[in-house]
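Participant: this one's structure only:
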């Protein structure tokens, strides 16, 4: 059923302002326009995710092969690395594509080299559709279709403008007029320097287009290859958020023009970009060459290339080429490339990638402004609409549109910057869980398939811990935030992780594409989807009918290869967390670097190690060697949370690697003065039943004899010099806490083996005036009906995440028996909640403690 545009306008909520632009795409498609929207872009538009439009003339006409295809791919990847969705726009067989498959991008690149792809501006679109041709969209045409779709940010290289001598020839790029009538921000490196920059800026001013230099101290417009053109502007923006606010302010006012955000090249060779990385790097050992010979090392690369531009322009004037219309620009670009020895192409690629990176950041900030709904910001004085306009592939019904708007408007703000209460560094993964149907045993199902249920949920120890911590911090109204630092792949699983976490209102600013720099988004290495380092971590688990783990495959290599100590340290410095948790999936070097940094830079940080598994639990040991002389007063690791198998692995490896032979270890163990009394009291504790109130165990009842028989207490005591608090997760047998403390509250405590206390305490002297205590405490398991257990994969992680949240709010740690009982008790309740949930962490966690 079709309807007139006026009818559509009446049905749209008025907060969207004018209707012509916002409904163009759905109306055009309803009338049979040759437009296809990629499913990923379509879903992003409908749900308000950040999107960045990208052009394709650089693929078909602007760059040589194979650079044209490589750059098209790298710009998409860089946009994704910031959490935005790339929407590359181009024409395939007469159909305008908003979002391309890689095969379609390759087709345009190949056809462009063959001279079979057209350069399409606004004037060309209709004819090209009728002829059914392939073509790359210019800035003008890309802006048209981005505006149709409601995409607010477009990243490109050099904006077209007024040609030199344009006041006589009237040779003015259609890009300028389109920016004036399409509400899309064009993020670029400025105007191509072969053009007349001054007259271009004057023309944009006449059209009412805001031109905003990015992070320029004096608002000077860049000259493309150099950061300064000599033309200063009244306004500029200093951050992605400020740029997003300008775009958003114009949107809510109903303005129909776009903006030009000019991102300058850094001012010196090898200089650092605002994100901290090198934009380009020269090699001092190899002289740079041009057609005229070596380039002096002290000449800035950008300035050198600009000199080539000036020479090419002069040659065009002298030869008459400047009067040959559309042939001028290709000739000039080719001549500049020749004069610069190819360095102009190299620099042009970097500028394109930089624009994609900044554009991605701006798009993310803009989407956050929209998601905030109509809430008031302390830095914002204009109204904020509650969601993006709907631009799905078919006309959205009013009921669907209303539900979407309500969901977005009612959600709380997702903190994606600023301080963090807890920082977790480790693994974000997707869990693929297969569970046998009742009555099917693992033996029966061996080497064949069997009936059961398969599900896909988010996982990864670090991510699970972060989610549990996030839910507790926010459910209790404590106001803190948990920040996960984890690499993900540039794949569907990686996008799933980010979007699902965002839906949970978790911070996602710590997630990054492993194949790209976490600082500046420029490619460190070109990787394909077959590159193992580019795969998001996946854990494929097989559970029996009771939900217990039988086996599986863990593809976690991305964490060890992609997450460095340096990347985490930068986030610690920036967010200043009170608690830092390290997941055992990190490499030994990363763990060592982080332990050394936290102990040296800020001793007040509570450092927590989650061992993850038996083999990975020992990765903490190399970090301990440097602290032999300080073990007596404080362990290098404040908390560790092993299960019994992980405790055994750490202890055995510590003895094998002679960590327990360090002089500081012997001195610390001797200072505890644990003698016969301690051993006798531990023996009495081991005779108790796992479950109170029965006291001494009855025949056939599970008891705590494993504390002695398996050497659990002995191993834990021997590790106390390295770990101040050891919280042992014992599954169906509860939790055992063993730690050393100098708290006055513990100095008066005594051994108590009553039904509920279950603690052994021994005191020793740290100095004549300071007393220390060794505390061993058993916490019985909480009762759970077997029929209520769905899976056990996230119980331990939920326990750890809850403890982290509690520690973040308690500066003195477990400084009293009451605090210990409350913290561990909450952790146990969180674990029980996860047992009854389909997901690794219960969605109900954190409410109603």
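Facilitator: Looks like it came in fine. In this text, all values refer to a predicted model and were calculated from it rather than measured experimentally.

Participant: ok, which stretches of the stretch 101-250 of the chain are strands?
Facilitator: 117-120, 134-137, 153-155, 185-188, 211-213 (DSSP state E, counting those that start in this stretch).

Participant: immediately after whichever strand or helix holds residue 338, which helix or strand?
Facilitator: Following DSSP states H and E, one finds residue 338 within helix 328-339. The C-terminal neighbour of helix 328-339 among helices and strands, as given by DSSP H and E, is helix 343-371.

Participant: where does the stretch 451-600 of the chain dip in pLDDT?
Facilitator: Across the stretch 451-600 of the chain, the ranges flagged by pLDDT under 70 are 476-479, 515-534.

Participant: Can you list the residue ranges for strands in it?
Facilitator: Applying DSSP E, counting those that start in this stretch to the stretch 451-600 of the chain gives strands spanning 452-459, 482-488, 511-513, 537-543, 549-555, 579-583.

Participant: Distance from the helix or strand that residue 717 is a member of to the middle of the chain?
Facilitator: In this assignment (DSSP H and E), residue 717 forms part of helix 712-719. Centre-to-centre, helix 712-719 and its host chain are 38 Å apart (C-alpha atoms, centre = their mean, to the nearest Å).

Participant: I'd like to know which elements it is packed against.
Facilitator: helix 644-656, helix 663-672, strand 723-729, strand 735-741, strand 770-779 (3 or more C-beta pairs under 8 Å, 6 or more residues apart in numbering; DSSP states H and E). The way it works is simple: take the backbone N, C-alpha and C, and place the C-beta from them, glycine included.

Participant: Buried residues, the helix or strand following the fourth one. List them.
Facilitator: Where DSSP H and E defines the elements, the next helix or strand beyond strand 735-741 is helix 744-747. With burial defined by 16 or more other C-beta atoms under 10 Å, the residues of helix 744-747 counted as buried are 745, 746.

Participant: ok, and what's touching helix 744-747?
Facilitator: 761, 763, 771, 773, 775, 815, 816, 817 (C-beta atoms under 8 Å, 6 or more residues apart in numbering).

Participant: per-residue confidence for the fourth one?
Facilitator: According to the model's per-residue confidence, residue 773 sits at a pLDDT of 92.

Participant: Okay, and the beta partners of it?
Facilitator: residue 741, residue 763 (DSSP bridges).

Participant: First-to-last residue distance for stretch 243-262?
Facilitator: Distance across stretch 243-262, first residue to last, is 11 Å (C-alpha to C-alpha, to the nearest Å).

Participant: and it, which residues are buried?
Facilitator: 243-252, 255-262.

Participant: pLDDT (mean, whole number) over it?
Facilitator: 91.

Participant: Tell me who's in contact with the most centrally placed residue in the chain.
Facilitator: When C-alpha atoms, centre = their mean is applied to the chain, the residue found nearest the centroid is residue 511 (2.1 Å). By C-beta under 8 Å, 6+ apart, the contact set of residue 511 is 83, 428, 484, 486, 487, 488, 494, 497, 498, 501.

Participant: Do I have it right that the last one meets residue 464?
Facilitator: If I follow you right, that is residue 501. No - if you go by C-beta atoms under 8 Å, residue 501 and residue 464 don't touch, sitting 11.3 Å apart.

Participant: Need the overlap of contacts for those two.
Facilitator: residue 458.

Participant: Among the two, which residue is more densely surrounded?
Facilitator: Using other C-beta atoms under 10 Å, the more surrounded residue of residue 501 and residue 464 is residue 464, with 33 against 23.

Participant: Inside helices: which ones of the buried residues of stretch 243-262?
Facilitator: Counting by DSSP state H, the buried residues of stretch 243-262 place 243, 244, 245, 246, 247, 248, 249, 250, 251, 252 in helices.
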